[in-house]
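1. here are the coordinates; sequence isn't available:
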DNA sequence: ATATAAACGAGACGGTACGTCGGGTCTTTTT
DNA sequence: AAAAAGACCCGACGTACCGTCTCGTTTATAT
């Protein structure tokens, strides 16, 4: 992937302009029309790219969605150690929902969850390659807490399951959790 | 709806045979081909019914899915008071996952969650009319616990949120929660 | 085909308006843009019909071409017995080329000949079912001459071959035979 | 074209290997898949050449077809004077059909005829530059006969028209003329 | 028993989108 | 400077479903 430059070929390079135009178009459609109107046809129309060009680089809708999502959410990858489980969890929820609410990333993630219900390969990729990366962030928070002596005897994976599930529940019903609701989840983890 | 009998007309009644054939066909397709292959066209083909007949009674896919789901899950509506929060929660998780795993209801519920991502009216109906009924079951369990003096100062709605979310998380990734994972969730509710 | 009415089915009848609109559109495109621009896509666009509707009734381009051609050329089916081989042949050539030049039928027939070069089923249909009908007209002229004692010992099928071939040669090169050229062919048949 | 060598430049010469590979590939596809599968894309794939290379040297499919056809049919250019119109015509038909049947040239010529129906420039080239060369062969036969006193008052061009037409008729319907059919044509020319 | 009106199967219809093939052109590196 | 090769935009392919429509047939009341 990163050693592409090593296998030099005499060939026209991929057009970055087109690449960006396609992502932009997809993202725009998601924002303005929503997932149900996100079609390869429409992306091609709006971006000015040809359908075959899109299929060449993103064989499934999932692939496009993932790339859009990744562009918007690099912030999440680092939750600073602030010495308190509660604070770090609050920060995690806060950053996540700030993103999901204020950018297209919420609609994008919702779309990914819909998409994997009808695309087995997408499901495979998402659960095997994508989710772990994102669970990892939360796991680090929990492990730091453990080092501090908290979370004795707790099943950290299960905690992550219901934390994520909590978020998915709101996302999929197009609602936003109240501070109190988030507070309850955090309390259920750090035992008050 | 219920006063249909009052406006008597000389008219042919709805055919129950066709009604059942359509539900059967939809359910079969869900089981054998999955959500992505569940189409009105296919249901009509398999059931022998005409497409307009299906549209007359179920204007959206959601309507069919809900009816299929309801047929399979009446059991869930009653969790007996066994005097222990932990036991009742265990029972709730156990019955739910037993259903989802061993009948078509898991695939059906998963399909509903996918469907509401692209059907605003379906989302409206599901969140306003359907989810409350199902949250109610869990709420009763929690309220019974509260009467026993447990769950002091807890946000019961939020607890239900992450309980359901936990289930959705597994359902949508086509996995099944381990006993340990369920145990962790239960523990997080009843505080060990 | 003609006893369709006997096997009555309760179904929406084929829309004649659409049927005619499609033929009209195809014919217009042929006339204005030529065979190379005759596409199902374009016919659908111009006629306002859906592509599937067109494919339902005319599985190949050939089928449309044949129907267009038939609409324009019923005149040819009857060459009157005027008592003279030469006169009847002249009449045949004259009517045929009058049609081919002044209506879309020339372009249509040319298109058919191009089409059968890449559509084996079209070729099969055209040679087995269509050409014979049209050769028959010429054959009747020759048989009438034979009854009058002309064309002794001649291979009538071969005569038809080169008569038709002569016409195809001009049609395919987008030229029109001169009177002298037609005269020469006629002379070669009736032996001056 | 021939003074290319005069404008010597530090330039890479056209690769004859590639040139031959392209013709070979085109010819192979014609033989094995037929005209409808003869595409620039496919030729590039099979020959290993890039599409632009092919377009540089053969701007249209016609150009490739002509070059393939020419490679196979140099024999035809000389029909010996054997002192008899009938014999020379027989020889002409015989050599032509022997070629068309036993090499890829029949499929090639058929393809050219299809191609000119959708390529105006190809038609122009074919009728103006190519057909005359081939008609010339037949014309020489007829002129020799005329010198011998035959074909008095006949329109030689028209005779060539229907001779060629006769051949095209069979070629385009993927049939082969019988000896009797050819005999009839020859008889119609030399008047028995 | 008979008229009536909705329910029904069948499937045609105008559409949208699918995923793919091929046509020509462009841009880059290699020779 | 030509060759080579893959990327590109584009148009069309033939198919699957969508949701609506128009048919002729069936059938349980309501007269």
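-> Sure thing, it's come through. Predicted model only: the values in this text are computed from it and were never measured.
2. residue A:118 in helix, strand or coil?
-> Put simply, residue A:118 is coil when judged by DSSP: H, G, I helix; E, B strand; the rest coil.
3. tell me, how many residues neighbour the residue nearest to it when sequence neighbours are not counted?
-> Closest residue to residue A:118 apart from its sequence neighbours, by C-beta to C-beta, 6 or more residues apart in numbering or on different chains: residue B:36 at 3.4 Å. In this view, the C-beta of every residue, glycine as well, is placed from N, C-alpha and C. Residue B:36 has 12 neighbouring residues, counting by other C-beta atoms under 10 Å in any protein chain shown.
4. need the contact list for residue B:36.
-> Each residue near residue B:36 by C-beta atoms under 8 Å, 6 or more residues apart in numbering or on different chains is listed here: A:117, A:118, A:119.
5. the first one - how many residues pack around it?
-> Residues lying near residue A:117 (other C-beta under 10 Å) number 23.
6. correct me if wrong: it contacts residue B:35.
-> Yes. Residue A:117 is in contact with residue B:35 according to C-beta atoms under 8 Å; the separation is 5.7 Å.
7. mind showing which ranges of chain A have poor pLDDT?
-> A:1-10, A:75-77, A:192 (pLDDT under 70).
8. around DNA strand E, pick out the residues from chain A.
-> A:8-13, A:37, A:39-42, A:50-52, A:55, A:59-61 (C-beta under 7 Å from any atom of the strand).
9. again, 6 Å this time
-> Contacts of chain A with DNA strand E, taken as C-beta under 6 Å from any atom of the strand, map to A:8, A:10-13, A:37, A:39-42, A:51-52, A:55.
10. out of these, which end up buried?
-> residue A:40 (16 or more other C-beta atoms under 10 Å in any protein chain shown).
11. could you dump the residues of chain A next to DNA strand E into a markdown table with secondary structure and distance to chain B added?
-> Converted to a markdown table, the residues of chain A next to DNA strand E look like this (DSSP: H, G, I helix; E, B strand; the rest coil; distance: C-beta to the nearest C-beta, whole Å):
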| residue | secondary structure | distance to chain B |
| --- | --- | --- |
| A:8 | coil | 41 |
| A:10 | coil | 42 |
| A:11 | coil | 36 |
| A:12 | coil | 36 |
| A:13 | coil | 36 |
| A:37 | helix | 9 |
| A:39 | coil | 11 |
| A:40 | helix | 16 |
| A:41 | helix | 16 |
| A:42 | helix | 14 |
| A:51 | helix | 21 |
| A:52 | helix | 23 |
| A:55 | helix | 19 |
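12. quick revisit: shared neighbours, residue A:117 and residue B:35?
-> By C-beta under 8 Å, 6+ apart, the residues touching both residue A:117 and residue B:35 are B:110, B:111, B:114.
13. by neighbours, which of the residues you listed wins?
-> Busiest of these [other C-beta under 10 Å] is residue B:111, holding 25 neighbours.
14. wait, it sits on residue B:38?
-> Yes. The criterion here is C-beta under 8 Å, and residue B:111 meets it with residue B:38 at 6.7 Å.
15. which residues do these two both contact?
-> Shared contacts of residue B:111 and residue B:38, defined by C-beta under 8 Å, 6+ apart, are found at B:30, B:61.
16. re the thing from before, just put the shared contacts of residue A:117 and residue B:35 in CSV and tack on secondary structure.
-> Below are the shared contacts of residue A:117 and residue B:35 laid out as CSV (three-state DSSP):
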residue, secondary structure
B:110, helix
B:111, helix
B:114, helix
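17. closest one of those to residue A:46?
-> When these are compared for distance to residue A:46 (C-beta to C-beta), residue B:114 comes out closest, at 24.6 Å.
18. now the closest one: how far from residue A:110?
-> 11 Å (C-beta to C-beta, to the nearest Å).
19. do residue A:174 as well
-> 8 Å.
20. what are the boundaries of the strands in chain A?
-> Read by DSSP state E, chain A holds no strands at all.
21. want to throw the residues of chain A next to DNA strand E into a markdown table with distance to residue B:83?
-> As requested, the residues of chain A next to DNA strand E are exported to a markdown table (distance: C-beta to C-beta, whole Å):
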| residue | distance to residue B:83 |
| --- | --- |
| A:8 | 74 |
| A:10 | 78 |
| A:11 | 73 |
| A:12 | 74 |
| A:13 | 70 |
| A:37 | 52 |
| A:39 | 55 |
| A:40 | 57 |
| A:41 | 59 |
| A:42 | 57 |
| A:51 | 63 |
| A:52 | 65 |
| A:55 | 60 |
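22. the residues of chain A next to DNA strand E also near chain D: which ones?
-> Here nothing survives when the residues of chain A next to DNA strand E are matched to chain D using C-beta under 8 Å from any C-beta of the partner chain.
23. isn't residue A:160 up against residue A:138?
-> Yes. Residue A:160 lies in contact with residue A:138 (C-beta under 8 Å); the separation is 5.1 Å.
24. which residues do the two both contact?
-> Common neighbours of residue A:160 and residue A:138 (C-beta under 8 Å, 6+ apart) do not exist.
25. residue A:63: how many residues sit nearby?
-> Applying other C-beta under 10 Å, we find 16 residues neighbouring residue A:63.
26. can you check the one 4 residues further on too?
-> Residue A:67: 17 surrounding residues under other C-beta under 10 Å.
27. number of residues surrounding the residue lying closest to it once chain neighbours are set aside?
-> Distance criterion C-beta to C-beta, 6+ apart; nearest residue to residue A:67, sequence neighbours excluded, is residue A:23 at 6.3 Å. Look at residue A:23: counted by other C-beta under 10 Å, it has 17 neighbours.
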